[in-house]
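J.: Let me see the structure of the following:
(4 chains)
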Protein chains: 2
Amino acid sequence: MKTIAVIEDDIDIGSIIEAALTKEHYRVLRAYSGSEALYLLEKQTPDLILLDLMLPGLTGEELLPLISGIPVIVVSAKVGIDDKVNALMSGAADYITKPFSVRELVARVAVRLRESEKDNASPVLAYGDLSLNTLSHEVAVSGTPVKLTKTEYALLKLLMQHPGQALAKSAMLERIAADTPDCTESSLKQHISNLRKKLRDVSGSDYIEAVWGIGFTLRLVDKEW
Amino acid sequence: MKTIAVIEDDIDIGSIIEAALTKEHYRVLRAYSGSEALYLLEKQTPDLILLDLMLPGLTGEELLPLISGIPVIVVSAKVGIDDKVNALMSGAADYITKPFSVRELVARVAVRLRESEKDNASPVLAYGDLSLNTLSHEVAVSGTPVKLTKTEYALLKLLMQHPGQALAKSAMLERIAADTPDCTESSLKQHISNLRKKLRDVSGSDYIEAVWGIGFTLRLVDKEW
DNA sequence: TCGTTTTTTTATATCTTTATGATAATCTGC
DNA sequence: GCAGATTATCATAAAGATATAAAAAAACGA
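T.: Predicted coordinates for the structure are as follows:
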């Protein structure tokens, strides 16, 4: 569950935002002034900050440079292009002008949260019991290492980068072409088969599912001994 | 060319808005009451809706939650902060209070239209209990997954992209030709039949309705056990 | 070069999907 | 209601995809 700090002196607007975010199952922290925000951020580390620029005491502009490591979305009534540029230059992740639509706000919050997750991207992809380390090229199923060939590794990595997404065979061929330039659709099937077998030998479950007429997808399926 | 629905009972105000939007080369649809609006939205899918809150019959407040997938700008004489909060919370994209300047209205319309174009990148189409994920190719009826063939999937996707709109058989054939080049009008009927059966088996309702002499349309119908 | 590993090709069994024709049900205009 | 046309469903055969195994070809390291 993600925590979002709402720094806004207008109680009405702050409440709108809080209600909307709560509805989306975020945890919301409120602060009504710059100094209060500073105090809050010493105690807590939210995943994202919504910051009004016009605050009593310490203003948002002054506060913004003090925040680091947490994405900040600036919410402001100021409309000048300069304000926007300044905010983004000072490290804001995004900028929303009042009046804003709640839906838009929620959408942007979701986007920025997702982005920040990716930034922290560790070199290891995980999906279900699968883990794949892009640095060491190690693959393991619930801890047990699995030896894969280069093509198998490329395929699994591609699938794990788009979990649950249906990947067309042609698209897969293109995207592993760097590793195996002369892999055809029929040999691809063979590799998928081999990959499946290796994973199945260790885990019992089938991870790679065929999407009829399209290609393949990575999906969690109940074990079916 | 974008279509905008103006839902406003005051004929003078509605005409002013229509004139301004027409001048900007939008296509304008008018409705003068909530129920009329509902009827209109069954037949047509505008790109944006301008909604007056004080309508005879079904009020704007009641209508607003029923609209989904189309940005709504609420136009109202009400000025209380609560009205604004309620409107935005119910999914309105923006809020304009009367009296408004025509220039401002046009500007906001343009902004929200631009936004909605970007937002519409959502990978999941929804209609009633139906949901279709264009990335994973998954289709579900109120959460229950349904397995569709490639052609069935293509057809349902097409219908869901134009909900409530009558699609000619010839038009449908053209637009799924990429997937199934040699599908004829008679086999199309077969696919529709199969698709209907699969959806009916899960939900009990019939989503796809025949439009006599034309083709088919997606429509919510009461279950009829 | 030899033996091993990996990749591609070939072959085959199985399953799914699609197209089609026949039949039943439904709709429209009269 | 009736006749003609349209639409819905069923059954089935043909076409198309997939999964696996086994063999041939290519790549690689010692």
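
J.: Neighbours of A:Ala154, how many?
T.: A:Ala154 sits with 20 neighbouring residues when counted by other C-beta atoms under 10 Å in any protein chain shown. (C-beta placed from N, C-alpha, C; glycine too.)

J.: okay but it is in contact with A:Ile176, surely?
T.: Yes - if you go by C-beta atoms under 8 Å, A:Ala154 and A:Ile176 touch, sitting 4.3 Å apart.

J.: in chain A, what secondary structure element scores lowest on mean pLDDT?
T.: helix A:81-89 (a mean of 55; mean pLDDT, DSSP states H and E).

J.: right, is the next helix or strand after it up against chain B?
T.: Going down the chain from helix A:81-89, the next helix or strand is strand A:94-97, by DSSP states H and E. No - Strand A:94-97 does not reach chain B (C-beta under 8 Å from any C-beta of the partner chain); its nearest approach is 9.6 Å.

J.: Just checking: what are the partner strands of strand A:94-97?
T.: Pairing partners of strand A:94-97, with direction, according to DSSP bridges: strand A:72-76 (parallel).

J.: Show residues contacting the partner strand.
T.: Strand A:72-76 is contacted by residues A:8, A:17, A:48-54, A:60, A:64, A:83, A:87, A:91-98, A:100, A:105, A:108-109, A:112 when judged by C-beta atoms under 8 Å, 6 or more residues apart in numbering or on different chains.

J.: just stretch A:41-53 next, same as before
T.: Residues outside stretch A:41-53 that contact it (C-beta under 8 Å, 6+ apart): A:2-10, A:13, A:17, A:29, A:37, A:59-61, A:63-64, A:67, A:70-76, A:78, A:83, A:87, A:92, A:105, A:109, A:112-113, A:116.

J.: now stretch A:123-142
T.: Here stretch A:123-142 makes contact (C-beta under 8 Å, 6+ apart) with A:145-146, A:148, A:153, A:156-157, A:160-161, A:163, A:199, A:202-203, A:205, A:207, A:218, A:220.

J.: buried ones in that stretch?
T.: Going by neighbour count (16 or more other C-beta atoms under 10 Å in any protein chain shown), the buried part of stretch A:123-142 is A:Leu125, A:Tyr127, A:Gly128, A:Asp129, A:Leu130, A:Ser131, A:Leu132, A:Val139, A:Ala140, A:Val141.

J.: Show me where chain A has its strands.
T.: A:3-7, A:27-31, A:48-52, A:72-76, A:94-97, A:124-127, A:130-133, A:139-141, A:144-146, A:167-168, A:208-211, A:215-218 (DSSP state E).

J.: Tell me which of the ones you listed sits nearest to DNA strand D.
T.: For these, the distance to DNA strand D is smallest for strand A:208-211, at 3.6 Å, taking C-beta to the nearest atom of the strand.

J.: For DNA strand C, tell me whether the closest one is touching it.
T.: No - on the criterion C-beta under 7 Å from any atom of the strand, strand A:208-211 is out of touch with DNA strand C, staying 9.1 Å away.

J.: List the contacts of that strand.
T.: With contact meaning C-beta under 8 Å, 6+ apart, strand A:208-211 is reached by A:Leu159, A:Ala166, A:Ile192, A:Leu195, A:Arg196, A:Leu199, A:Phe216, A:Thr217, A:Leu218, A:Arg219, A:Val221, B:His137.

J.: How many residues are close by the second one?
T.: What it means is A:Ala166. 23.

J.: for the first one, same thing?
T.: Neighbour count of A:Leu159, defined by other C-beta under 10 Å: 26.

J.: mind checking pLDDT for it?
T.: The model reports A:Leu159 with a pLDDT of 87.

J.: quick revisit: and the contacts of strand A:208-211 as a markdown table, adding distance to B:Glu185?
T.: Listed next are those as a markdown table, based on distance: C-beta to C-beta, whole Å:
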| residue | distance to B:Glu185 |
| --- | --- |
| A:Leu159 | 38 |
| A:Ala166 | 28 |
| A:Ile192 | 36 |
| A:Leu195 | 42 |
| A:Arg196 | 40 |
| A:Leu199 | 44 |
| A:Phe216 | 33 |
| A:Thr217 | 32 |
| A:Leu218 | 38 |
| A:Arg219 | 35 |
| A:Val221 | 38 |
| B:His137 | 25 |
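
J.: that older thread, among the contacts of stretch A:123-142, which one sits closest to DNA strand D?
T.: Proximity of those to DNA strand D (C-beta to the nearest atom of the strand) peaks at A:Leu199, which lies at 10.6 Å.

J.: that older thread, single out the most deeply packed of the strands of chain A.
T.: strand A:48-52 (a mean of 25; mean count of other C-beta atoms under 10 Å in any protein chain shown).

J.: Now it: average pLDDT?
T.: 91.

J.: And the strands of chain A, which one averages the lowest pLDDT?
T.: Lowest mean pLDDT of the strands of chain A: strand A:94-97, a mean of 78.

J.: Need the CA coordinates for it. CSV is fine.
T.: Provided in CSV are the C-alpha atoms of strand A:94-97 (Å, rounded to 0.1, in the frame of the first residue of the first chain):
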residue,chain,number,x,y,z
ASP,A,94,5.0,16.5,-12.8
TYR,A,95,2.8,19.6,-12.7
ILE,A,96,-0.9,19.9,-12.5
THR,A,97,-2.8,23.2,-12.7
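
J.: How far does that strand sit from its chain's centre?
T.: Its chain's C-alpha centre and that of strand A:94-97 lie 20 Å apart, by C-alpha atoms, centre = their mean, to the nearest Å.
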